[in-house]
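Q: sharing a model prediction with you, sequence too.
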Amino acid sequence: MKPRLALVVLAASLVSVTAEPQPSIIRFANTTMDQLSGSLGALSADRLVWNSPILEKPTPFWLKSVLEVTLPATLPEFNATHEATVTLMNGDTVRGQVAAVTDDTVTLDTWYAGRLGFRRVMVRDVAIDARPALVFSGPTGLDGWTQSAKVAAWTYENGALRTSSGVAIGRDVGLPDECVIGFDVAWRGSLMLNFNFFAEDVSSESPAVGYQISCQGNYATIRRQNAAMQFGDVANIPEFKENEKVRLEVRASRTSGKICLYVNGRCGAVWKDPGVAKGKFGKFIQFVPQGKETLRISAIKVAAWDGASEEAADEEAAMQGMGMGMNLRLQRGLAIPETKPESKPKPAEEGRMKLRNGDSIRGEVTSIVDGIITIKTRFADVKLPVARVRNIVLKPASLEEPIRRNGDVRAWFGDGSSLVFCLDALTSETLTGHSQLFGTATFKLAAFNRIEFNIYDPQITDLRAKESM
């Protein structure tokens, strides 16, 4: 243990965990954010027991001195036609499959706690995504990743790849010919990142084949690696200036040459490679930082794509991007193509559920059974697979913020879900907690990626924000 670590150590009797110790990390809430690797031995409302090779015996610590504990989450293999994301009033998001929606409760089937019912007054919205079979989900460590420098410049922590260098990192994820590649990217200052996909070799920062999307400032461009110049117009992405973290999703077809870039769920660009037939392609992805600022990549998911984009790029951003693209063409002495921005579909009226094909429907959800949603409309009952619905319109309610309670923790799961609750009990395989959000629930201990303590303490919140980058 580092000599600066000054914590009150308790000799207390806690519920013990008898399972085989697993590699985990405890981080302490001091200014140097000291940490110990080891395994969680026990956990109660105000203290935990930690097992570590450098400690003489299992040692208790007050939770008021602990920042967080990271755990080796295990994601199960399961098939589902859709994934629902429930956004709660406290900012947490929970993923699962919609089991029921009533005036009082939104119920999800989850892999980590079975069926969870959330109080309607604490649910902000429910979004639905089709869930094709995942080809890759991670990262879960550095194994399988190739760095472009002999000296390792990337680290893995808390489910994320992290670097402050210009060294590239990539791997073979088995990209299908038509695929969806999604990931979270967080940065400091200005985003400067090249993303290579359909690459064949990631031992260098410039693969010979595939595509490269370049994110610089608040713009994104694309080129084919074996072509001399970019194709398509520059896309204006205001989210790059407004945030320091976004969710990027690339939908790409090496058959048709169609490539769509989504930013936080918004379609920011639709490109078409006119020379796709001349291209050579592989199954790798690669992240190439273009600066020395800290960069984090997490929540990478790769799946098959049906080749259909759900909406056109934002019209105003597209027009600005076209202007910059035309300037580049004029500077290079190229002809300006006679193209028009794709029309932006009209947004669905308030109170109407949007469908994945662009249509919308107004009605009341009366049942959800075996992945089929029944909607009562003024004309007839309509039955649809939940996967064809993009959102569920909830009955209007006076929304409430959950009360902040002493002892609340924020738990993060392997799929990126997060929940705030109070600890009740711990066994070798489960953790039980209660909350205004969902009542009492028992969670699989193997599902947790991280548990944060002292979540309402402003000083510790500042430490946690520093640690996140």
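A: Received, thanks.

Q: burial measure for Glu157, as a count.
A: By other CB atoms under 10 Å, the residues close to Glu157 number 14. Just so you know, the C-beta spots here come from the backbone N, C-alpha and C atoms, and that holds for glycine as well.

Q: who touches it in this structure?
A: For Glu157, the contact set (CB atoms under 8 Å, 6 or more residues apart in numbering) comprises Thr70.

Q: please report how far it lies from Val94.
A: 23 Å (CB to CB, to the nearest Å).

Q: what about the helices in the stretch 351-469 of the chain?
A: Using DSSP state H, counting those that start in this stretch, the helices assigned to the stretch 351-469 of the chain run over residues 458-468.

Q: so where is the stretch 301-450 of the chain shaky, pLDDT-wise?
A: In the predicted model of the stretch 301-450 of the chain, residues 308-350 satisfy pLDDT under 70.

Q: make it 80
A: Within the stretch 301-450 of the chain, the stretches with pLDDT under 80 are 306-351, 356-358.

Q: now do the strands in it.
A: Along the stretch 301-450 of the chain, the stretches classed as strands by DSSP state E, counting those that start in this stretch are 352-354, 360-362, 364-369, 372-376, 381-385, 391-392, 408-413, 418-426, 430-435, 439-444, 448-452.

Q: need the helices for the protein, in chain order.
A: Assigned by DSSP state H, the helices in the chain fall at 239-242, 315-331, 458-468.

Q: end-to-end on stretch 107-121?
A: 13 Å (CA to CA, to the nearest Å).

Q: chain center to that stretch: distance?
A: In this view, stretch 107-121 has its centroid 19 Å away from the chain centroid, taken as CA atoms, centre = their mean, to the nearest Å.

Q: for it, what is the average pLDDT?
A: On average, the pLDDT along stretch 107-121 is 94.

Q: quick check: buried residues in it?
A: The neighbour-count check on stretch 107-121 (16 or more other CB atoms under 10 Å) flags Thr107, Leu108, Thr110, Trp111, Tyr112, Ala113, Leu116, Gly117, Phe118, Arg119, Arg120 as buried.

Q: in strands only, show me those.
A: Thr107, Leu108, Thr110, Leu116, Gly117, Phe118, Arg119 (DSSP state E).

Q: just the closest of those to Arg362, please.
A: The shortest approach to Arg362 among those belongs to Thr107, at 22.8 Å (CB to CB).

Q: my read: the closest one touches Val94, true?
A: No: contact criterion CB atoms under 8 Å: Thr107 and Val94 do not qualify, at 11.2 Å.

Q: so what sits against both of these two?
A: Common contacts of Thr107 and Val94 (CB under 8 Å, 6+ apart): Leu116, Phe118.

Q: tell me which residues of stretch 122-137 come out buried.
A: For stretch 122-137, burial by neighbour count (16+ other CB under 10 Å) applies to Met122, Val123, Val126, Ala127, Ile128, Asp129, Ala130, Arg131, Val135, Phe136, Ser137.

Q: phi, psi for the nearest residue to Gly189 once chain neighbours are set aside please.
A: In space, and not counting its chain neighbours, Gly189 is closest to Glu293: 4.8 Å by CB to CB, 6 or more residues apart in numbering. Note on Glu293: backbone dihedrals following degrees, to the nearest 10 are phi -80, psi 160.

Q: also Gly275?
A: Dihedral angles for Gly275 - degrees, to the nearest 10 - are phi -110, psi 30.

Q: Gly91 now?
A: Dihedral angles (degrees, to the nearest 10) for Gly91: phi 100, psi -10.

Q: which residues does Gln35 contact?
A: So Gln35 contacts Ile25, Ile26, Arg27, Phe28 (CB under 8 Å, 6+ apart).

Q: Serialize those to a markdown table and add fields for neighbour count and distance to Phe413.
A: Below are those laid out as a markdown table (neighbours: other CB atoms under 10 Å; distance: CB to CB, whole Å):
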| residue | neighbour count | distance to Phe413 |
| --- | --- | --- |
| Ile25 | 19 | 17 |
| Ile26 | 20 | 19 |
| Arg27 | 21 | 19 |
| Phe28 | 22 | 23 |
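
Q: which one of these is nearest to Phe195?
A: Closest to Phe195, out of all of these and judged by CB to CB, is Ile25, at 29.0 Å.

Q: that closest one is in contact with Pro72, isn't it?
A: No: between Ile25 and Pro72 there is no contact under CB under 8 Å: 9.9 Å.

Q: which regions of the stretch 151-300 of the chain lie under the pLDDT threshold?
A: In the stretch 151-300 of the chain, residues with pLDDT under 80: 158, 226-229, 278-279.

Q: where do the strands sit along it?
A: Along the stretch 151-300 of the chain, counting by DSSP E, counting those that start in this stretch, strands occupy 154-157, 160-163, 169-172, 178-187, 192-199, 211-216, 219-224, 230-236, 245-253, 258-263, 266-272, 284-289, 295-304.

Q: packing partners of the third one?
A: What it means is strand 169-172. With contacts taken as 3 or more CB pairs under 8 Å, 6 or more residues apart in numbering; DSSP states H and E, strand 169-172 sits against strand 146-147, strand 284-289.

Q: just checking, what packs against the last one?
A: The elements that strand 284-289 packs onto, with contact taken as 3+ CB pairs under 8 Å, 6+ apart, are strand 169-172, strand 192-199, strand 295-304.

Q: and the shortest one, by the same measure?
A: Helices and strands touching strand 146-147, as assessed by 3+ CB pairs under 8 Å, 6+ apart, comprise strand 169-172.

Q: and the strand it packs on, which strands flank it?
A: Here strand 169-172 is paired, per DSSP bridges, with strand 146-147 (antiparallel), strand 284-289 (antiparallel).

Q: ok, residues contacting the first one?
A: Among residues not part of strand 146-147, those counted as contacts by CB under 8 Å, 6+ apart are Ala153, Trp154, Val167, Ala168, Ile169, Gly170, Arg171, Val202, Ser203.

Q: next one: the nearest residue to Phe231 once chain neighbours are set aside from Ser298, what distance?
A: Spatial nearest neighbour of Phe231, chain neighbours left out: Asp273 (5.7 Å); criterion: CB to CB, 6+ apart. Separation of Asp273 from Ser298 (CB to CB): 28 Å.

Q: circling back: which one of the buried residues of stretch 107-121 sits closest to Asn406?
A: Checking these one by one against Asn406 (CB to CB), the nearest turns out to be Arg119, at 21.0 Å.

Q: how close does the residue nearest to Gly189 sit to Arg162?
A: 12 Å.

Q: equivalent analysis for Pro402, please.
A: Distance, Pro402 to Arg162, using CB to CB: 31 Å.
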